[in-house]
Structures are given as C-alpha cells and as structure tokens.
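A.B. asks: Build me a structure from this.
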Amino acid sequence: MGSLFPFQDLNYPPPSFLNPKIEPKIEPFDDQLHLHQPNFSNTSNYIQEQLPVPEINLEEQQVYAEFYRISELFRSAFSKRKHGELEVLHPELSIVPHHGQVGNKVSSSTAIVKKALKHSHRSSEMVRVTDLGIEDQIYFRDLVRRTRMVYEALRIFLIQEEDNEKGLGFGKRMRADLKAASLMKDRGGWLNRDKRIIGSIPGVYIGDVFFFRMELCVIGLHGQAQAGIDYVPISQSSSGEPVATSIIVSGGYEDDEDAGDVIIYTGHGGQSRNSARQCVHQKLEGGNLALERSKFYDIEVRVIRGVKCDKAPVGKVYIYDGLYKIIDCWFDIGKSGFGVYKYRIVRIANQPEMGSSVFKYASELRAKPLSLRPSGYLSLDISKKKENLPVFLFNDIDSDRDPLLYEYLAKPIYPPFSYPQMNTSRGCDCISSCCDGCLCAQRNGGEFPYDRNGILLKGKPVVFECGTSCRCPPTCRNRVSQSGLKYRLEIFRSRETGWGVRPLDLIPAGSFICEYTGVVLTMQQASIFAMNGDSLVYPSRFPERWVEWGDISQVYPDFKQPTIPQAPSLDFAMDVSRMRNVACYFSHSTTPNVLVQFVMYDHTNASYPHLMLFAMENIPPLRELSLDYGVADDWTEKLAICN
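C.D. replies: Just a heads-up that it's a prediction; the model follows:
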C-alpha cells in the first residue's frame, strides 16, 4: 500500500457536528415525487423583473414588500462580485476550483491518510480525494464496511439492553441509533474526522442504503443529524465564506421539485414546526448562503435522498445518489406566499446510476418483470417452486444457459451414515415461542442468536436453532434460517464475474438470505470425487467472517467473541457439480457483503452443519451478492473454494 494519495486542498475548516443525542426531527414525505421536467425559463438572474401587483390587501402588500426587500439584498450581495473572480476580501478562496481552474494539490502517503481519516478531532483542512488505486479502493471500502458493522452491532446490542431493562421496569431510554453514534464518537469511531472531504467519500458507493441519519454522520457522508444542508459555517471558516458539502432531499419542503438528475432544492428555514409549509421568509445565511457559495466556486455537493420504505425502522431509507453541481440560485415566492431561496442542482455526468432510481426500478421489476425486460429471461423461477420465492435467471449478454443444466437443490443432501445421531436429540418444551433460559437458549451459550425480527445478533462458531424435537411452532424466533429463501433473488450473467446473484429486495444487515446447498460427502468420498474433476466445496475454507459480525470491541474493549458453542470440526465437502442452488453463483470478494454462519437444527453432529448465508451490510436491490471464498480457482479465473 505504498502508492501516493493525491488530494485537492480546498482550505476550509470543518463544521461542528450536532450533538448526536438530539433526536432528529421527523421529515414529512412527498405524496408523489415531481418526476416531470420543471420549467427553468424564469430562474436566472435572481429575480430580474418586478412582479405585477394586482389589487391586494394590506397583509399581501406587506408580504410582497418584504419579498422585494430581501431580493434586493440578495442582488446587492452579488453585485460586489465580478464574473470569474472575487474581491480581495477573501484571498484564501483563490485556490478553490472555479470556472475550470484547478486548485492546489497536496500528496500524502496512503498510510498517513488512512490514519487521518479515522481521527477523533477534525482539522480546518478541506480536501478532495482523487485517483484512488485498486488497493486503496478495497481498503477504504472495507474500512467503511467495518465501521458500519460496528455501528449496527452496537445499535442492536443497545436495543437488547434496553429491552432487558424495560423488562425490569426501567423507563423510556434514548433511541439506540443515536446512542450508538454518540458512543462511537466518544471513542474515536467516526470516519473522516481529520479532513473534511469535498466530493466522493472513499469507500462509499453510489446506491449505498442507510436506515438512520446518524449513520451518515458516523461515516462522514452527511454531518448534520437534523439539517438537510451540511456545510462549513462562517464562524469556523478561515476565509469567512461558507461552503456546502452535502444535502438530503426527502420532500421536507413544499417548494422542492425532484426530477432525478435535476433538482429544484429549497433552502432551509422559515417552516412551521412539524410541517412542510413556510410561515416566514427565508434568509440568505447558514446553509442557504453556503449553497450559493458552492455554486459560485463550482464546488460539487453530495446528494442523499430519503425514500419511503415500509421495511425501514423509521419508515424511510437514505440512499446516496452521487455528486451534483449547483447551476443556478434565486429568490422566489413559495407556495405558501413567503420568500424562499431556490437552487437548481444538476447531477454530474458519467456516474453510476442513481441508487434511488435503481430502488424504484427494482420495485417495478418485482411486480412486472416481463414488461420491463421483454427479453433476456431464461427462467422466471429456476427453482421450479422448490423455494418460497421465485429465483429469476437472466442473461442479456450472450447465449450461455449454464445454470439450466443443473438440478436445483433447495436443501443439502446428507448421506445417512454422515450423521448417526440424526433426530436423537431432545428439544425444548416451549409452547408459543422460545423463552429465555430454555434448552435451546442454553445450547447457544445462554442467549438466543436472533432478535425478534430475525436479525443475527452476533456471529458464533455455530448456531443451534430449534429443530424437529422442539415443541415450539414454526414461527419461533429461533427458527430463522431453516424455512428457506427470504428475499427474491436473480441469477444473472455478468461481464465482470461470469454468473452472479443480485437481490430484487432491500436486504437489511444481519438478515438471513439463503442456504448454500449441494450433496454432502465425507472426506473419503470427496477424495474420490476430486479425482474425477467434480466441483467440490470445502466449508472449512470459508474465512471466519462471522467473527466480524456483532463485534463491538472498538467501543467496549472487554467484549469477547462467543466461544460457546465450540467451533465444529468440518469433516465434509459439498459436491455442486450436478445439483446446486442459487447460493452457488455468489461471486467472490475480499470485502464481501455476505457471510457464512454454521447452523444446526435437524441433527446433533456438529461436524456437518448447514451453511447459512447472512447479510453483512444493508444490501440495496440489484447489487451483486458476494462471499469471501478464500481460495483461488485457476480454471474459472475467479476466486472460489471448488477443486
């Protein structure tokens, strides 16, 4: 990792973060996004014409008088600035790229930068990260992924602790998402604290999905727990000029218009409490002024959209949609009759597709796949109803139909002699659902592996679910992975990975996805099959990614990963040369979004566990699923665990 790491130094100090203990306000949703192309014909020159004044009452006259006064102040503020330059009131800004100019660049070794991006205190330096090498991209993606895993693990841990305290009669506690962020900040767990990054955040991909505003703060994507505009305030700017870095678009203002690539964004301020309606005029200050300055200096802003989602804890998700430029800004009379500042923001070209667009497209694809894709489908259910949900097979690249040549196997096939203790175990006696202290909880070290929503709380060497000998119903909280596929998946042809798998649903972090299946062989059988050139999977070669899930040692140093139940000795291989399922097409990655968790439920021989796959992060629809297979396979030119 010795490559140089170039920056553009923008020479601005960082903003102050809101106290993460302050609960974010609930933002109203748009009933319907304005998807038509808005009319921009009257948006230039910041109100150049006087509005016609018909017969109006005294109150309306006062409104328009105030409007004219503010718009005149707005124009006078710009009149001091010449085209393409700024008066020498703030000479520091001359290094900011403006009208095609390039700012000063500072090079630093990757090792120094990596340390700086995780510093607990922020400096006054603003930078733009450029020209990341492949190794650096992998490093920062893994850093973001691990930080998000810590946040999610800590949030889940705090929820469990709160539930326990409520059971003992304690009162209402702080929201877990806020407290988790606060604890991480206190222990230096927030990213991008030393340098304030303009533009893309290393390790954050367009389309990444977040359930909580505070998670945006933790990784440095958006630094405000409540406000929709993140910016460097005048009070902390050495130049005395604020600059905006990111905005959140979620329908919180009635005058917003969102056409995807083009946004008419309304400035902040002037709203009545808990409403999208304006009640007073907005002012050219704070984030509003920062957006204007970013427009003047041609500085891009990150855009995060809030999108309705019934499965999200707060009713919406936040999706990173990439970089935009502020093209125009003006003062106008809003729908409620009060003055508002408006900004025309246009998406920069040649970026990956917007995550919010993909999110909507996936929703339509689930309902009417053939209408959206009239060609390319090889099967609308390759499992032939063996799974709870259909598994699509799609190829619009070439004529390859390879997955159709295999028999679909929803459950692994175990030879009878591989587990002589099959179905001889005694199960729990729970009636409605398993309770704390029952036999199955004791097998898992005295605690259940899942929360009541079926989320894996922390990885374990092996998880014991309730089985056929247990009296609890199929809806028991300890039967998460044995009931089959949980999300709609699609096997697709990829130019990068051959065949891959992507979900059509949003998969929350910690959720069970599916099982990895095949024909289970003893090691003696495997040695014979390997000589025939059959494709064999050795579960012992999967890296122990389960260790990462639920690890909160960064916040609680005394935390230790579970050692009970003990890790099994995996004395088997899995033949996938003739029968397999959708999991066998998951691609390899050293920064995977899926982990393997060993699970027992239908027998007691721990040497033959089920290979259950769980999400390591929030996985957006149509993003490829990946595992860390651990061993290279030369004949496929991909990393795999097959011989």
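A.B. asks: helices or strands next to the longest strand that the chain contains in the packing?
C.D. replies: The longest strand of the chain (DSSP state E) is strand 316-333. With contacts taken as 3 or more Cβ pairs under 8 Å, 6 or more residues apart in numbering; DSSP states H and E, strand 316-333 sits against helix 58-79, strand 209-210, helix 286-296, strand 301-308, strand 339-347, helix 355-367. C-beta here means a position set from N, CA and C on the backbone, and glycine is covered the same way.
A.B. asks: How about the contacts made by the nearest residue to residue 542 once chain neighbours are set aside?
C.D. replies: Counting by Cβ to Cβ, 6 or more residues apart in numbering, residue 596 is the residue found nearest to residue 542 once chain neighbours are left out, at 4.7 Å. Counting by Cβ atoms under 8 Å, 6 or more residues apart in numbering, residue 596 touches 516, 539, 542, 545-546, 611-613, 627.
A.B. asks: beta partners of residue 596?
C.D. replies: For residue 596, the beta-bridge partners under DSSP bridges are residue 613.
A.B. asks: Can you read off the pLDDT for it?
C.D. replies: pLDDT for residue 596: 96.
A.B. asks: Let's verify residue 584: helix, strand, or coil?
C.D. replies: Secondary structure, DSSP: H, G, I helix; E, B strand; the rest coil: residue 584 is helix.
A.B. asks: Low-confidence stretches in the stretch 301-450 of the chain?
C.D. replies: Within the stretch 301-450 of the chain, the segments meeting pLDDT under 70 span 417-425.
A.B. asks: What separation is there between residue 409 and residue 321?
C.D. replies: Relative to residue 321, residue 409 is positioned 39 Å away (criterion: Cβ to Cβ, to the nearest Å).
A.B. asks: Please identify which of these two sits among more neighbours.
C.D. replies: Neighbours per residue, other Cβ atoms under 10 Å: of residue 409 and residue 321, the larger number sits with residue 321, 28 against 19.
A.B. asks: show me the contacts for the residue nearest to residue 568 when sequence neighbours are not counted.
C.D. replies: Nearest residue to residue 568, sequence neighbours excluded (Cβ to Cβ, 6+ apart): residue 606, at 3.8 Å. Residues counted as contacts of residue 606 (Cβ under 8 Å, 6+ apart) are 462, 565-566, 568-569, 600.
A.B. asks: mind listing what the longest strand of the chain pairs with, with the direction of each?
C.D. replies: Here strand 316-333 is paired, per DSSP bridges, with strand 209-210 (antiparallel), strand 301-308 (antiparallel), strand 339-347 (antiparallel).
A.B. asks: Can you tell me which of those strands is nearest to residue 505?
C.D. replies: strand 209-210 (11.5 Å; Cβ to Cβ).
A.B. asks: my read is residue 492 is in a strand, agree?
C.D. replies: Yes: according to three-state DSSP, residue 492 belongs to a strand.
A.B. asks: circling back: next one: the residue nearest to residue 568 relative to residue 394, how far apart?
C.D. replies: The gap separating residue 606 from residue 394 is 38 Å, by Cβ to Cβ.
A.B. asks: got it, and residue 265?
C.D. replies: Here the criterion is Cβ to Cβ. By it, residue 265 lies 36 Å from residue 394.
A.B. asks: Which of these two has more residues huddled nearby?
C.D. replies: Neighbour count, other Cβ under 10 Å: between residue 265 and residue 394, residue 265 has more, with 25 against 18.
A.B. asks: what sits against the nearest residue to the more buried one once chain neighbours are set aside?
C.D. replies: Closest residue to residue 265 apart from its sequence neighbours, by Cβ to Cβ, 6+ apart: residue 343 at 4.6 Å. For residue 343, the contact set (Cβ under 8 Å, 6+ apart) comprises 263-267, 291-292, 295, 326, 328-329.
A.B. asks: Closest to residue 376 out of those residues?
C.D. replies: Comparing those against residue 376 with Cβ to Cβ places residue 263 closest, at 32.1 Å.
A.B. asks: so the closest one makes contact with residue 253?
C.D. replies: No: between residue 263 and residue 253 there is no contact under Cβ atoms under 8 Å: 11.4 Å.
A.B. asks: ranges for the strands of the stretch 451-600 of the chain?
C.D. replies: Listed in chain order, the strands of the stretch 451-600 of the chain (DSSP state E, counting those that start in this stretch) span 463-464, 489-494, 498-503, 512-516, 519-522, 536-537, 572-575, 579-580, 587-588, 594-600.
A.B. asks: Look up how far residue 628 lies from residue 591.
C.D. replies: 8 Å.
A.B. asks: now residue 138, what's its secondary structure?
C.D. replies: Classification of residue 138 using three-state DSSP returns helix.
A.B. asks: what's the answer for the one 5 residues further on, then?
C.D. replies: With three-state DSSP as the basis, the three-state label of residue 143 is helix.
A.B. asks: ok, for it, nearest residue in space, not its chain neighbours?
C.D. replies: residue 203 is the one closest to residue 143 (Cβ to Cβ, 6+ apart), at 5.6 Å.
A.B. asks: in terms of contact, does that neighbour touch residue 146 like I think?
C.D. replies: No: the pair residue 203 / residue 146 is not scored as a contact, 9.8 Å apart, by Cβ under 8 Å.
A.B. asks: Just give me the residue closest to the centre of this structure.
C.D. replies: Closest to where the C-alpha atoms of the chain average out (Cα atoms, centre = their mean) is residue 209, at 2.8 Å.
A.B. asks: Looking at the contacts of residue 606, which has the smallest pLDDT value?
C.D. replies: Looking at the contacts of residue 606 by pLDDT, the weakest one is residue 565, with 70.
A.B. asks: Not counting residues beside it along the chain, what's closest to that residue?
C.D. replies: Using Cβ to Cβ, 6+ apart and skipping residues adjacent in sequence, the residue nearest residue 565 is residue 462, 5.0 Å away.
A.B. asks: Let me know how buried that neighbour is, in neighbour terms.
C.D. replies: The local packing of residue 462 (other Cβ under 10 Å) involves 21 other residues.
A.B. asks: Contact partners for it?
C.D. replies: Here residue 462 is in contact with 565-568, 598-600, 606, 609 (criterion: Cβ under 8 Å, 6+ apart).
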